[in-house]
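Novice: With the sequence up front, the predicted model follows.
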Amino acid sequence: AQTVTQSQPEMSVQEAETVTLSCTYDTSESDYYLFWYKQPPSRQMILVIRQEAYKQQNATENRFSVNFQKAAKSFSLKISDSQLGDAAMYFCAYLSNFGNEKLTFGTGTRLTIIP
Amino acid sequence: DTGVSQNPRHKITKRGQNVTFRCDPISEHNRLYWYRQTLGQGPEFLTYFQNEAQLEKSGLLSDRFSAERPKGSFSTLEIQRTEQGDSAMYLCASSSGQGSSYEQYFGPGTRLTVT
């Protein structure tokens, strides 16, 4: 079974600065997807960024980028130019490409933005 | 399209009562997922439908939990004889599952409190 570990329960960053959230995972599969989801307080979860394991190039979405290290099974999220609206719980998630379509989530990192 | 909707948003029930939650997915999505999220944890998979077929239900916690999607559109999740340990946020998600786009779009959740 796959597992996802987020070792930072809480992080904080000054507004306009850069922060990196860590995620490691364990799998014996070679083909899968990795995601970062954002869950603002009392609001629904939204997808921030997606990475296909077969792609060597790291995904980027505006201020959000990932550092995907397949051999190390590491998938960190970098948020540049942090904004107050980035404050949320961030969840790393794993999805196998072998049919069960079940997302496996980490325990999350609560990100606080300091004005 | 306004996204995934869930009703009710909050449910308070007494131990031993049955509860039913509804999820309406994004209209063109044929895949529908149920997850459960307890405080301080990431969502945990419960079950998954492709159209009306329930293809995976390994996460359903006991035989008190059941889900259906009779016409391949909305879905219901029922918990019979509720227990205090069932208190959690129940999340629904949907996806089109086309190509490499396995993005799951989440609803706002139904928060269940069992007293």
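Specialist: The structure has been received and is ready for your questions. Numbers count the residues shown, from 1 in each chain, chains lettered A, B, ... in the order given.
Novice: only C-alpha atoms for contact and neighbour calcs from this point on.
Specialist: Fine.
Novice: And the pLDDT at the residue most central in space within chain A?
Specialist: Closest to where the C-alpha atoms of chain A average out (C-alpha atoms, centre = their mean) is residue A:36, at 3.1 Å. Confidence at residue A:36, expressed as pLDDT, is 97.
Novice: measure it to chain B for me?
Specialist: Separation of residue A:36 from chain B (C-alpha to the nearest C-alpha, to the nearest Å) stands at 11 Å.
Novice: contacting residues around the nearest residue to residue B:69 once chain neighbours are set aside?
Specialist: In space, and not counting its chain neighbours, residue B:69 is closest to residue B:75: 4.3 Å by C-alpha to C-alpha, 6 or more residues apart in numbering or on different chains. Shown in contact with residue B:75 (C-alpha atoms under 8 Å, 6 or more residues apart in numbering or on different chains): B:22-24, B:32, B:67-69.
Novice: picking up where we left off before, surely the residue nearest to the centre of chain A is in a helix?
Specialist: No. Counting by DSSP: H, G, I helix; E, B strand; the rest coil, residue A:36 is not part of a helix but strand.
Novice: Write down the beta-bridge partners of it, one by one.
Specialist: Beta-bridge pairing for residue A:36 (DSSP bridges): residue A:49, residue A:92.
Novice: hang on, it packs against residue A:59?
Specialist: No. Applying C-alpha atoms under 8 Å as the test, residue A:36 and residue A:59 come out as separate, 11.0 Å apart.
Novice: which residues do the two both contact?
Specialist: Joint contacts of residue A:36 and residue A:59 (C-alpha under 8 Å, 6+ apart) are A:49-50.
Novice: Output the contacting helices and strands for the helix or strand of chain B with the lowest mean pLDDT.
Specialist: Of all helical and strand segments in chain B, the minimum by mean pLDDT, DSSP states H and E falls on strand B:53-56, at a mean of 91. The contact analysis (3 or more C-alpha pairs under 8 Å, 6 or more residues apart in numbering or on different chains; DSSP states H and E) places strand B:53-56 against strand B:44-50.
Novice: same for the strand it packs on, what does it pack against?
Specialist: Checking 3+ C-alpha pairs under 8 Å, 6+ apart, strand B:44-50 ends up next to strand A:103-105, strand B:31-37, strand B:53-56.
Novice: Direction included, what does that strand pair against?
Specialist: strand B:31-37 (antiparallel), strand B:53-56 (antiparallel).
Novice: which of these sits most buried?
Specialist: strand B:31-37 (a mean of 25; mean count of other C-alpha atoms under 10 Å in any protein chain shown).
Novice: ok now it, how far from the chain's centre?
Specialist: Centroid separation between strand B:31-37 and its chain, computed with C-alpha atoms, centre = their mean, to the nearest Å, is 4 Å.
Novice: Go through the contacts of residue B:75 and say which is closest to residue B:86.
Specialist: residue B:67 (15.2 Å; C-alpha to C-alpha).
Novice: For the residue nearest the centre of chain B, give the beta-bridge partners.
Specialist: Centre of chain B computed as the mean C-alpha position; nearest residue by C-alpha atoms, centre = their mean is residue B:34, 3.2 Å away. With DSSP bridges applied, residue B:34 shows beta-bridge pairing to residue B:47, residue B:92.
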